[in-house]
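[1] Test case, fold it:
(2 chains)
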Amino acid sequence: MTTTTPTAPQAGLKTAPPKSASSAARESLSGRWASAAAIVIAIVWTLPTFGLLVSSFRPEGEVKTNGWWNALTDPQFTLDSYRQVISGADIDLATYMINSVVITIPAVLIPISLAVMAAYAFAWIPFKGRDTLFVAVFALQIVPIQVTMIPLLRLYVDPPFNLMPLAGNDAPGGGFYTVWLSHTIFALPLAIFLLHNFMREIPGELIESARVDGAGHVQIFSKIMLPLMTPAIAAFGIFQFLWVWNDLLVALVFAGGNPSVSPLTVRLAALAGQRGEDWHLLSAGAFVSLVVPLIVFLSLQRYFVRGLLAGSVKG
Amino acid sequence: MTSTDKLVQMAIAVVLFFAVTGLILVLTARLRSRNGERVQAAAFIAPSLLLIAVGLLYPAAGTIYQSFFGSSYQPILGGEGGNFVGLDNYRTIFTNGDLLQVLQNTALWVVLTPLVATTIGLVYAVLIDRSRFEKFAKALIFLPMAISLVGASIIWKFMYDYKGSDQDQIGVLNAMLKAVGFDTYRFLLTEPWNTLFLIVIIVWVQAGFAMTILSAAIKAIPDDIVEAAKLDGVNGLKLFRYITVPSIRPSLIVVLTTISITTLKVFDIVRTATGGQFGTSVLAYEFYVQSFRSFDFGLGAALATLIFVLVTPIVVYNIRQMRRLEAR
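    As a prediction, the model looks like this:
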């Protein structure tokens, strides 16, 4: 998949730069109407978020009694709502923000560390049944997470062979392992598939010559493959980051409504249910949960687009 | 647990798994022989395979098995007695009035979302292609992709907010209705149209995905094809219809199928916006309700299995198209 980086216009050529099919279509649709349509779509797509953003800075009394657009003519702004949702004892999003961080970082790093190794074996170590096994792993991408949830939850709560339960009051890691492991498991087929494809693109001669020089697979893996894989790992990492940070289902099921393990999305969803009319809190809360993915997304957009299509079938 | 404790646990977990990886690398570093290579491959793959087998394969089999049993939990191994019900759960899904409504809503979601999101994404991609503000214009539409579906639902609930016609409105849409002289409208409560207003939310999120992929495809159309068509006097909408659309057909199919797969599994919007009330529930939400609220594990499993069955052919088709796309 190519990225969307537009080709730089070639300045200084005698002929006019070639036009794409769509720009030709746009022109003859008469530029003015086309621009108007584009602007309308852009406004419809931006306005909802903008309205909520403005509301999150308005005083409670204003938010609840008149529309946010009144703030454009009669600006009254305050940080009260943010203060209330972040550090207010009853909402306390700061704690849930930390939970989100604690959930997300291992849920991104663990599958990467396991998958990168498996992908290398699938790509460059020949062994019997390799292709069959790889196709099987690849095919498992189609399993919707809903299909796995209840038996998996049972395994955590009541594992066989007297293993330690991962859920409950004395669970190791404060109960986070159920969420970490679940996200890891659901990510693995996609991660292995993606990284395998990228690794196969490395020229075989490179590997061969390293082997002739006496390098083993471990050296090739860590000295050659890992550095070359950085963009691919970044693409998957960002995709997985946004997926885990924005996830509600896995958190609801595997954090089991335990507030000390629940991420922001769970708290926000509960807030929307219990205090559906408190728009000053909901708007500020929504933006608190938005800030991190938005920063990650905007700063690393290029990588994200790369992983986007490949990852879109996940879960 | 304090926040510090949590961060410590987080660090321990990461170190633990990195240590496993490191240990495997160190232990197999000296292997060189043919047999050694086999051991190495096994060691590289084992952790992933173990997790997939225990966490994905076994549970999936368990759920499919459970779907033929009654409401109590029925493990594949070691379940005593058990109340085998055959296809009763599936029969319930296709005969119970509420569940039929769920199926009908799901069908609407899965058909409308890809069509509308892709159309808007395509039109927008064409309109802004090679314009001065292309990058900025793209970012605006793409931004909702970074927002959680819970966040998106809250954003739109605010848009749909209802107050009586005589009151000041705080929702944009009802304010607009009132401004042009209509009565205000309960967007999320009034059946059957409320399902459409929920679909608007997922369209809003997914259009950016369609736009990004299709924009890349449009840029990949060779210029000489376009030039040749223009010399033949093909222009405007005809150019779009006969050159642009056929040229990006494989991408269009991938986008359509991908969005329908995503849509089939979405439950966050229904849960946050209406809680499945007022006739808005969909398959993925009903699975959640039956499994984790009603604790009817049999029916829940049957609903999950149905999602699996519905999604499989689309995924297979999608992957085939994607391969064709990559092969070009």
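[2] pLDDT below threshold where in chain A?
    A:1-31, A:168-169, A:304-315 (pLDDT under 70).
[3] Just the buried residues of whichever strand or helix holds residue B:262, please?
    Assigned by DSSP states H and E, residue B:262 belongs to helix B:249-265. Under the neighbour-count criterion of 16 or more other Cβ atoms under 10 Å in any protein chain shown, helix B:249-265 has B:250-265 buried. Heads up, the C-betas are built off the backbone N, CA and C, glycines and all.
[4] How are the helices of the stretch 1-150 of chain A distributed by residue range?
    Secondary structure of the stretch 1-150 of chain A (DSSP state H, counting those that start in this stretch): helices located at A:21-28, A:31-56, A:60-65, A:70-73, A:80-87, A:93-124, A:130-139, A:145-157.
[5] and chain B, what are its domains?
    Following automatic domain parsing, chain B resolves into domains at B:3-58, B:89-327.
[6] Tell me which residue is most central in chain B.
    In chain B, the C-alpha nearest the mean C-alpha coordinate belongs to residue B:262, at 2.0 Å (Cα atoms, centre = their mean).
[7] and stretch A:122-141, does that touch chain B?
    Yes - under the criterion of Cβ under 8 Å from any Cβ of the partner chain, stretch A:122-141 makes contact with chain B via A:122, A:125, A:126, A:127, A:130, A:133, A:137, A:140, A:141.
[8] most neighbours, which of the residues you listed?
    Looking at the residues of stretch A:122-141 next to chain B with neighbours defined as other Cβ atoms under 10 Å in any protein chain shown, the largest count falls to residue A:122 at 26 neighbours.
[9] OK, contacts around that one?
    Shown in contact with residue A:122 (Cβ atoms under 8 Å, 6 or more residues apart in numbering or on different chains): A:130, A:133, A:134, A:137, A:192, A:196, B:45.
[10] do that again at 10 Å, thanks
    A:115, A:130-131, A:133-134, A:137-138, A:192-193, A:195-196, A:199-200, B:41, B:44-45, B:48 (Cβ atoms under 10 Å, 6 or more residues apart in numbering or on different chains).
[11] Also residue B:217?
    So residue B:217 contacts A:1-2, A:4, B:122, B:125, B:244, B:247-252, B:254-255, B:325 (Cβ under 10 Å, 6+ apart).
[12] do residue A:274 as well
    With contacts defined as Cβ under 10 Å, 6+ apart, residue A:274 is in contact with no residue.
[13] And it, how far from residue A:195?
    Remark: distance between residue A:274 and residue A:195 (Cβ to Cβ, to the nearest Å) = 42 Å.
[14] Mind checking if the helix holding residue B:262 is in reach of chain A?
    Yes - residues of helix B:249-265 contacting chain A under Cβ under 10 Å from any Cβ of the partner chain: B:251, B:254, B:255, B:257, B:258, B:259, B:261, B:262, B:264, B:265.
[15] From the contact counts, what lies against that helix?
    helix A:301-311, helix B:97-128, helix B:194-219, helix B:283-292, helix B:297-327 (3 or more Cβ pairs under 10 Å, 6 or more residues apart in numbering or on different chains; DSSP states H and E).
[16] wait, residue A:71 sits on residue A:77?
    Yes - counting by Cβ atoms under 10 Å, residue A:77 is a contact partner of residue A:71 at 7.5 Å.
[17] Heading C-terminal from the helix or strand hosting residue B:158, find the next helix or strand.
    Taking DSSP H and E as the definition, residue B:158 sits inside helix B:149-159. Per DSSP H and E, the first helix or strand lying C-terminal to helix B:149-159 is helix B:172-179.
[18] so how far is that next one from its chain's centroid?
    Here helix B:172-179 is found 31 Å from its chain centre; the criterion is Cα atoms, centre = their mean, to the nearest Å.
[19] Show me what that helix packs onto, helices and strands only.
    Counting by 3+ Cβ pairs under 10 Å, 6+ apart, helix B:172-179 packs on helix A:31-56, helix B:149-159.
[20] Reformat the ones you listed into JSON lines and put mean neighbour count next to each item.
    Output for these, formatted as JSON lines (neighbours: other Cβ atoms under 10 Å in any protein chain shown):
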{"stretch": "helix A:31-56", "mean neighbour count": "17"}
{"stretch": "helix B:149-159", "mean neighbour count": "25"}
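[21] need the ones you listed in JSON lines with distance to residue B:110, can you?
    As requested, those are exported to JSON lines (distance: least, Cβ to Cβ, whole Å):
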{"stretch": "helix A:31-56", "distance to residue B:110": "22"}
{"stretch": "helix B:149-159", "distance to residue B:110": "16"}
